[in-house]
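>>> predicted model follows, preceded by the sequence.
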Amino acid sequence: MTAAESVLIPLQCEFYAMEGLSHILKTITLVQKGLNPSLRIEGILLTMFDARNNLSHQVSEEIRNHFKKETFTTVVPRNVRLSEAPSHGKPIILYDITSRGATSYMDLAKEIISREVQHG
């Protein structure tokens, strides 16, 4: 983080992940105070979202309420193809570009580019 311009924070839609978020935010603040004052949060990416699970919806809602501007619109769903790709030694876009997981990460890339163009 001392050499980075920004930090993208992936956040699983699980209860303990929210606790971890507070720790990473404290770490970012410490880095900004001492080593890299220009470090910024690129955004928070909600991952492993399961639409059938109430907890996923609750975590998503809680994060979006507290971090409106920082939270990406894109959400990465829980996806079997995403979990299989590393065991085949491939990134998801080479393993299965048509999967929901791959599509989500491509949507995230578009969203980041769009933010950069807008705020550039």
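It's in.

>>> domain-wise, how is this structure divided?
Using automatic domain parsing, the domain ranges for the chain come out as 1-78, 79-120.

>>> pipe those domains into JSON lines and attach mean neighbour count and mean pLDDT per row.
Glycine gets a C-beta too; all of them are placed from N, C-alpha and C. Formatted as JSON lines, the domains of the chain follow (neighbours: other CB atoms under 10 Å; pLDDT from 0 to 100):
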{"stretch": "domain 1-78", "mean neighbour count": "15", "mean pLDDT": "96"}
{"stretch": "domain 79-120", "mean neighbour count": "14", "mean pLDDT": "95"}
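
>>> by contact count, what packs against the host helix or strand of residue 10?
Following DSSP states H and E, one finds residue 10 within strand 6-12. For strand 6-12, the elements it packs on are helix 15-34, strand 40-49, judged by 3 or more CB pairs under 8 Å, 6 or more residues apart in numbering; DSSP states H and E.

>>> need the residues that contact that strand.
With CB atoms under 8 Å, 6 or more residues apart in numbering as the test, strand 6-12 has contacts from 1, 17-18, 20-21, 24, 28, 39-48, 59, 63, 76.
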